[in-house]
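In: Kindly return the folded structure for what I paste below:
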Amino acid sequence: MYQVITGQQAANLVKDGSTVVSTGFIGSSFPEYVISSIEKSFLETGHPAGLTVSCSAGIGDHGSRGFSHFGHEGLVSRAICGHYDLCPELQKLVDGNKLAGYLMPQGTLTELYREIGSGRPGVITKIGLRTFADPRLEGGRCNEKATESLIELITLDGEEYLWYKSFPVDVGIIRGTSVDENGNLTIEKESTRMDQLAVAQAAKHCGGIVIAQVERIVSNGSLNPRDVLVPGILIDYVVISPPEMHCQDYSGQGYNAALAHEFRIPVKSLPPLEMSERKIIARRSAMELISGGVTNLGIGMPEGISSVTVEEGVSNEIIMSVESGHIGGVPAAGLSFGGCYNSEYVSDMTRQFDFYDGGGLDIGFLGAAEVDGSGNVNVSKFKKTVGPGGFINIAQSTKNMVFCGTLTAGGLKVAVQDNKLIIVQEGRNKKFVKKVQQVTFSGDYAKESGQKVLYVTERAVFELTEKGVTLVEIAPGIDLQTQILDQVEFPVAVSPDLREMDARIFGQGPMGLKLKERL
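Out: Numbers count the residues shown, from 1 in each chain. Below you'll find the model as predicted:
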């Protein structure tokens, strides 16, 4: 039988040197009250100290919430995460070499929690080969203090794999909406399903404790057993959170019943994008969508594709998915990302990544912060440590990949006139560079795997071929030499069949988009 405790009492259960694993996706399903209570205890008493903290997805609002609560020197000695950019206070400690920082692909890390819970030695997978997770590059290490080998290269039946090693979990901190008197946990008001079960099982297998933050306690018999995500036998302590520390997400909109699937909304109620470089990229990318195809849209630039499908009236012709677990519907954007409107199915995140890793997606759309001549993409490291999130799992396993981003950045301004593109002001920074700062996607591995890869920008479309990154489309109104080739730091192969991007992309109103037929 679980005990009902306060946030401060929960913090007191976390001992110095413990390994703490938390659920969360940006702000959804994150036990803010319990984690902030740990922060408060450390600031007041100096304990707990020297923690190892881990989360599979990025958690934070680019400010003081989320895993930024752990951003105090001495509180954490090691972090094993999938993304740091949303929690700048913890990110600063990683970049300042104040703790041992590690990064793993989001999907592989959530799968690792499951393997820990089952008593297995870790995850053996091809995910991460030839990327920074590969020990031949960086092995997922983010700084000098990260000296331990958490990922090893192994060979099975003559093929290379990465072994992500299991580690002990002392405290699992999860979140739900309700628990009954026996501790059974449901998530009826959450926007994501996440990996609560995997985290709880990992802690229990290791002899640790599980703390659940909830909104309320209900009577036995109140919960449909089919709705129970984590059974009470796995939960040791329950903390009832004040409402302000139990937000559905970090969007600031309050409780959105549509994101909890209490009802469906008319998709036409979602506003169209204003004309901009983002809409141009989203429109051209949407032309790669496959009728009836299972699709993933990454965070950032690709989010606009969802809006384009609604504006074009084709959103019901494709099957969207979100790495947090949703199949079908229209993905939410911004700080609500991870949630989804009108989902047809909601898996736990761990199983969703099993599906992705197995090649379940027909096409994926992800951001591209840097691209080099070999087709490598970097989204995980710049002047600061960012992390891949689910990027590696999706990019490496999907048959058709589209990377979305502007050709230059830093002050870029564009306009459209007469269905042509005008570069009003060129960006200060080139994004197609001689060498990416970190390999989050390997072009060479993609070619060996037979993937079809496109790089869609506002003024050009490139394809990964045996010649490397090859220009295949140019926007109407754009000069090939000065506005494309001169803005790329490596020699670009130009296709002999170079063609103009569809002029409809640069016009007002719907394009009359027709999706590709599934082969």
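In: Which residue ranges of the stretch 351-500 of the chain form helices?
Out: 391-397, 443-449, 480-483 (DSSP state H, counting those that start in this stretch).
In: Can you mark which positions in the shortest one are buried?
Out: Just to be clear, that refers to helix 480-483. Buried residues in helix 480-483, defined by neighbour count with 16 or more other Cβ atoms under 10 Å: Gln483. C-betas here are computed from N, CA, C, even on glycine.
In: Just send the helices of the stretch 351-500 of the chain back as TSV, with distance to Val20 and mean pLDDT too.
Out: Formatted as TSV, these follow (distance: least, Cβ to Cβ, whole Å; pLDDT from 0 to 100):
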stretch	distance to Val20	mean pLDDT
helix 391-397	24	99
helix 443-449	34	98
helix 480-483	50	98
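In: Just to check, Ala212 is in contact with Leu185?
Out: Yes. Using Cβ atoms under 8 Å, Ala212 is in contact with Leu185, at 5.6 Å.
In: okay, and the common contacts of these two?
Out: Ile174, Gly176, Val179, Val230, Ile235 (Cβ atoms under 8 Å, 6 or more residues apart in numbering).
In: Check the secondary structure at Ile38 for me.
Out: Assigned with DSSP: H, G, I helix; E, B strand; the rest coil, Ile38 falls in the helix class.
In: shaky segments in this structure?
Out: For the chain, residues meeting the criterion pLDDT under 70 lie at 269.
In: Show me the domain layout of it.
Out: What automatic domain parsing lists as the domains of the chain is 3-245, 269-506.
In: And those domains: which comes nearest Glu262?
Out: domain 3-245 (8.5 Å; Cβ to Cβ).
In: and the closest residue to Gly359 other than its chain neighbours, how many neighbours?
Out: Distance criterion Cβ to Cβ, 6 or more residues apart in numbering; nearest residue to Gly359, sequence neighbours excluded, is Ser397 at 5.4 Å. Look at Ser397: counted by other Cβ atoms under 10 Å, it has 23 neighbours.
In: Who are the contact partners of Ser397?
Out: So Ser397 contacts Ile127, Tyr356, Asp357, Gly358, Gly359, Leu361 (Cβ under 8 Å, 6+ apart).
In: how about a cut-off of 6 Å?
Out: Tyr356, Asp357, Gly359 (Cβ atoms under 6 Å, 6 or more residues apart in numbering).
In: Buried only: go through those residues for me.
Out: Buried among these (16+ other Cβ under 10 Å): Tyr356, Asp357.
In: In a markdown table: the contacts of Ser397, plus distance to Lys165.
Out: Converted to a markdown table, the contacts of Ser397 look like this (distance: Cβ to Cβ, whole Å):
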| residue | distance to Lys165 |
| --- | --- |
| Tyr356 | 22 |
| Asp357 | 18 |
| Gly359 | 25 |
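In: Which parts of the protein are helices?
Out: With helices called from DSSP state H, the chain shows them at 7-13, 32-45, 88-95, 106-117, 196-205, 277-286, 303-311, 349-357, 391-397, 443-449, 480-483.
In: and which of the shared contacts of Ala212 and Leu185 is nearest to Glu73?
Out: Ile174 (26.9 Å).
In: Give me the distance between Tyr164 and Glu181.
Out: 38 Å (Cβ to Cβ, to the nearest Å).
In: Same drill for the two, tell me which one is more crowded.
Out: The neighbour comparison of Tyr164 against Glu181 (other Cβ under 10 Å) goes to Tyr164, with 26 against 14.
In: Apart from its chain neighbours, what residue comes closest to that one?
Out: Using Cβ to Cβ, 6+ apart, the closest residue to Tyr164 is Val123 (4.4 Å).
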